[in-house]
Each structure stands twice: as structure tokens, then as C-alpha cells.
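Q: pasting the sequence and the predicted coordinates here, then a few questions.
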Amino acid sequence: MSIRTISRGVATWFEDRLGLSAIVGFLKEKEVPQNKHTLWTYTGSLILVFFGIQVVTGVMLAFYYKPTLELANKSIGRIMTEVPLGWIIRSVHFWSSTFMIAVVFIHLLSIWIIKSYRKPRELTWMSGVFLLVFTLAFGFTGYLLPWDDLSLAATKVGTDIPRSIPWVGVWATKFLRGGDDISADTLSRFFSFHVSVLPLCLLAVLCFHIFLIQKQGMSFPLGAQEREEGKRVLPFWPNFVLREAIVWLVFLGVLITVAVLLPPSLGKSADLMAPAPEGIKPEWYFLFLFQTLKIFPPKILFMSGDTVAVLVILVGVILFFCLPLIDNKPDRRKGKLITAAAYLFILYAVAMTLWSLLS
Amino acid sequence: MIKREKAGRLAFFIFLIVGFFLPVFSLARQEAPPVKTPEMQAPAQSEKSVAAPQNIKEASRIYVFLGWMWVSIVVLIYFLRLKIREADRLYRIKFFSPAKK
Amino acid sequence: MKLKHSVFTRRQFLNGLLGGWLGALAASFAYPIIKFLFPPTPEPEQVILPLADYSGIPPNSVKTFAWGSKPGFIKKSDDGTLAVFVAVCTHLDCSVAYLADQKKFFCACDEGWYDDNGINIGGPPPKPLRRLVLEEEGANLIIKREKAA
């Protein structure tokens, strides 16, 4: 009995009961189009890698973090100073969240511009928008957990914004805060969102998103089927996965290097009664929205500026969600307008972010 | 396979594994920072507590680790490229799909 | 001595190199993770207590103090001398009690018995209770770890 025969026996035992060779066979048949857009197909799995790192480092941090007013800040201080190499784990968690959100934006913009959302992939796009919302919610809820002055102030502002939505706004703010004001209940609630609710929601929608991609296959550029280009494909396994592995390794290296050389610091524990500190800013991925709110005047006609701004953003998000339904003829002029809209959005977001950073 | 070749193969693989893990373990042992060193960077009342390696020994171990990590990544990418080249070649000559045209 | 055939193929060699090095890199990542998950819980070098709190206890009784995260007993015997024990049963770590009427320490988890010097006399405990060193300094009691053997 050699190792080879033993492992073959074990594999057969599982195969007879699970029939997983169907999945392996499918992966072997799966093909990835090879064209000038193939570069962007690496973003999807990269997001998964960063998310996996977040889960692992997050669980480790949760072993020592205590979500109460008295101990939240202190427990993170303990992680950074007493727990062996705790500061690295926290730093990796912090930087991996930034990397993940950055790659999510790149992924979304690439799909928008390449127009992979057209039929039959509309649901993939829509589930993707949910994934974007969950990812940003992860960032928002996680930001409060260190409970220092800056994160408390940013959360106060962030949870106040939904209040401007007519009719449901007050309820939304109450739901987020666990009451009218930020309190110990807010911290518990945000912790519960961050470690239970959001992971479950994200995993559920992610399974749906990935299932759709496997079922429908990778999309080809418009008109590629007729041209020779449609025939150029790469087998997913092993050719594409080996290439993905190189991308993962490089990004992992950059992540660890940045995490080790630029670890985040921790402000002192927040005081609910103290005045807001100067220079509050949300995380970088919210800056363009924050700046958008700022440029609206305090009053427009009969509504407050904030309400108009929030409504404009909400309408934008809904249009964004319905993009595949709007752009159902992507090779015509409408399609070209949508592409232009994507580039305009990039320009707008970058400009607003820079403005927010510099002011 | 002839017994001697089998033993030779096994010996070589053991040598490979030991050869790779030895530097890992010695590096890893270097990595452990002494826990008893002065811990809190600053008392709780100060503005910020900064995350950083606690002493120069820990700092240099971390730089060694970063160096080892990047060397490993370069080496692994080299091996992966070899495998990619081979996988592409096999695909091009249709090694795995005799049924297709 | 030249071999007639290669010990392994070029593909196996490359796979072995790739897998082996990847394993080494993964192990070097796993090590700090393991260290993180097992933080050290060092015992204190010494604990300082105000003498006033412990000098007035009646003879043949114990008073609890905190030895790091473990409970400790300061026991005053009939003749007035103080002794210090770590009040953790040597069987399965339950906290022991002192039964003054029997002059024995008793562990309720599995009915372990120690005499009034902490020696294990009945039940499952395999070793006597740990004793600590007691010193009086001015208005303080200083409790230190027992001398290394």
C-alpha cells in the first residue's frame, strides 16, 4: 500500500458519496476569454482573497476585542501592545479593508465600462451592487469599533445623514444608533452588524453572485462571437488560476509590507460628552460623498440642503442599481453615453476626494 | 519502480522539505518578540498610542521577515511562470482535449 | 554512480519546489498567527498587600487575595503564624475552600482533601497546594513566588 494507492482509495470513498468530480470537471471545462479586457477579470478573485484575510484577522482580533464603552479602546490598545504581534494583525485588518474596497471599486468600474452587465448578466450586476453596499457597511461599522474621538465623531455624522430622508429617515437613524443618540447600544449594535449580520448577508449574496457567474460563463466583448476574438480563450484550470496566483502573491506582498511599515495608531478613548474634535473626516471611500453633501447650500426652495443632497445621492444609487435595465442596447448611442457617465463618475469621485483631503 | 529509486526519491523530498523549513523555523524563532520588554508606548492619558515593533531586535526581525517574504514571492512567481508556460503549451497542442477538433 | 532513470520527472521536481516553497512561506505566516492566539499569561513576580487587612484575621482562618488571575489564601494558624497558598486544586484547577472545623482544605469538584499544610491527603489531587513566600516589610505584606528548586 503506497501513499498513492491510499490517497486514491480515500478520494474514491468521497467521490462515491459526494460526487464532487462533477464540480472538478466543470472547473476544468470552464474557459476565460482572452482579450484586452482579461486584465480586469483578475479583480474578482482578488476581492475574495482580501475578504478571506479580513475574516481570518477579524476573528483573531475578536478574540481580544471587547465591545463595551469602557473596554473597547483599551482592548485594542492591549492588542497593539501586549498581545504578541497584535499590532501587525490589526494593521493587516485595517489595510486589507482599504485594499478590498479599492479593488471593489475597480471591479465595479471595469464591469460598467466593459458592459458585462448586459443580458443575461443583469442579476449578477444587481447582486454586485448589494455586495458593494455590504462592503461599505463593513467599513463604516468597523470604523466605530476602536471607539476613539475621530471614529465617534465620524459615526455621529454618518448616522445623522439618513435622518434627512423624508418619512423614513428618523427611523433609519434610530435603527443604526439603537436610539436617538450614540450610546453603548450603538457600539454593541455596530459590533453585531460587523461580525454577524454583515458577514452572513455578504456570504449569502456572494454565493448567488458566484453561482450566476459559473452558470452563465464569462462574458465576451460585444460582437466578439462573430470575430476571431471570440475563439481565443484560456482554460480556467490550470492556466488562468496560475496567473491569478501570481496576482494574489504580489498583492499579498504589498499588503503585508504596507501593514508592517504603516500601522494605524489609536486615539484615546472617546468621551460622549466632549465637543467634536476638529478635522473629522470619514474613511477615504466616503470622502467624495461627504464632500458632495458639503457643497449643497443649507436651504433649497422649501427643503433643507441636506435632504436634497441625500435624495440626489439615493436617486443616483437607484439608477446605478438599474443600470442593466437602462442600458439594454449597449452598442448604440445610449451605450456610449453610459460609458461616458462612468468616466465622468471617476473624475467626479476623484476630484471630490482630493478636494475633501486638501480642505 | 525499483526500490532504490523509490528510496532515493523519498530521501530527496525529505531533504527538500527539511531544507525549506529549517530557515523558516530559525527565522520564526527569531520572530518572537520578548514579551517582558517595556510594553505601553505611553500612559493611557496621552493622545495616541502608536503601533510599532517594541524594540530594535523585534524591528530587525520584522525586516528580515519582509525580505524573506519578497524573495519567496519572486521565486514563487518564477516557478509559476514556468508552470504557466507548460500549461499554455499543453493547451496549444490540445494535449487534454483529444475529442475536440 | 549514475542512475539509469531519473529519480523523478521534471514536472514532479517543479511541483515539489513550488509546493515546498509555498508551504515554507505559509508556515512563516502561520507562526505569528499561532503566537497571537496563545498570549502569555505571566504570573506576577510579587504581590504587595497592606498588612492591616490581613493581620487581624482570627486564628485558624484564611483570607483571599489575588495572585495574578488566580486566588490565593493567607492562612493564620492557631499559633498566629501566617502561611500563603495558591488556592488552586492540583487536580483540575478548581478553587479550594478551607474548612476550619476540620483544619483541612477541601476541593468540591471531585472531593479532594489537603491537610492544613496543603499536603494532599485524600481524593484525586496528585500534588500538594503550591506555597508562596511571605515577607513583612513595614506596613506591607509582600508575597513572592517560591524559590526555584
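A: Noted; the coordinates are in hand.

Q: hmm, the top helix by length along chain C touching chain A?
A: In chain C, with assignment by DSSP state H, the single longest helix is helix C:10-37. Yes - shown here: helix C:10-37 in contact with chain A (C-beta under 8 Å from any C-beta of the partner chain) through C:32-33, C:35-37. Placement of C-beta: from N, CA and C, glycine included.

Q: among those, which ones are buried?
A: Neighbour-count burial (16 or more other C-beta atoms under 10 Å in any protein chain shown) applied to the residues of helix C:10-37 next to chain A gives C:32, C:35-36.

Q: which SSE is residue 84 in?
A: Reading this off chain A. Secondary structure assignment for residue A:84, by DSSP states H and E: no helix or strand.

Q: actually it's chain C I care about, not the one you picked
A: Assessed by DSSP H and E, residue C:84 sits inside strand C:82-86.

Q: distance-wise, check residue C:46 relative to residue C:140.
A: Separation of residue C:46 from residue C:140 (C-beta to C-beta, to the nearest Å): 10 Å.

Q: measure residue C:33 to residue A:92 for me?
A: To residue A:92, residue C:33 is 10 Å away according to C-beta to C-beta.

Q: any idea how far stretch A:295-307 is from the middle of the chain?
A: Between the centre of stretch A:295-307 and the centre of its chain there are 30 Å (C-alpha atoms, centre = their mean, to the nearest Å).

Q: swap that for stretch C:69-77, please
A: 15 Å.

Q: likewise for stretch A:60-74?
A: With C-alpha atoms, centre = their mean, you get 24 Å for stretch A:60-74.

Q: start and end of it, how far apart?
A: One end of stretch A:60-74 to the other measures 16 Å (C-alpha to C-alpha, to the nearest Å).

Q: contact partners of that stretch?
A: A:75-76, A:78-79, A:83, A:86, A:89-90, A:93, A:145-148, A:184, A:187-188, A:191, A:195, A:266-270, A:272, B:44, C:33, C:36-37, C:39 (C-beta atoms under 8 Å, 6 or more residues apart in numbering or on different chains).

Q: ok, stretch A:273-286 next?
A: So stretch A:273-286 is contacted by A:98, A:101-102, A:105, A:136, A:139-140, A:143, A:149-150, A:153-154, A:156-158, A:287, A:290, A:353, A:356-357 (C-beta under 8 Å, 6+ apart).

Q: low pLDDT regions in the chain?
A: I went with chain A, as the question did not name one. A:221-231, A:330-331 (pLDDT under 70).

Q: right idea, wrong chain: chain C
A: C:148-149.

Q: ok, now how distant is residue A:33 from residue A:41?
A: Computed with C-beta to C-beta, the distance linking residue A:33 and residue A:41 is 8 Å.

Q: actually residue A:193, not the one I typed
A: Distance from residue A:193 to residue A:41, by C-beta to C-beta: 31 Å.

Q: what about the two, which has more around it?
A: Between residue A:193 and residue A:41, counting by other C-beta atoms under 10 Å in any protein chain shown, residue A:41 is the more crowded of the two (22 against 19).

Q: may I have the residues that are in contact with the more buried one?
A: A:32, A:218.

Q: mind checking the SS state of it?
A: Here residue A:41 is recorded as helix under DSSP: H, G, I helix; E, B strand; the rest coil.

Q: for chain A, which residue is closest to the average position?
A: Computing the C-alpha centroid of chain A and ranking residues by C-alpha atoms, centre = their mean puts residue A:135 first, at 3.2 Å.

Q: name the nearest residue to it, ignoring sequence neighbours.
A: Spatially, and ignoring its direct neighbours in sequence, residue A:135 is nearest to residue A:104 (5.4 Å; C-beta to C-beta, 6 or more residues apart in numbering or on different chains).

Q: then residue A:95?
A: Residue A:95 sits nearest to residue A:259 (C-beta to C-beta, 6+ apart), 4.6 Å away.

Q: number of residues surrounding residue A:91?
A: If we define neighbours as other C-beta under 10 Å, then residue A:91 has 23 of them.

Q: tell me if it really is in a helix.
A: Yes - applying three-state DSSP, one finds residue A:91 inside a helix.

Q: for residue B:52, see how far away it is.
A: 10 Å.

Q: and residue C:94, by the same measure?
A: Distance check for residue C:94 against residue B:52: by C-beta to C-beta, it reads 41 Å.
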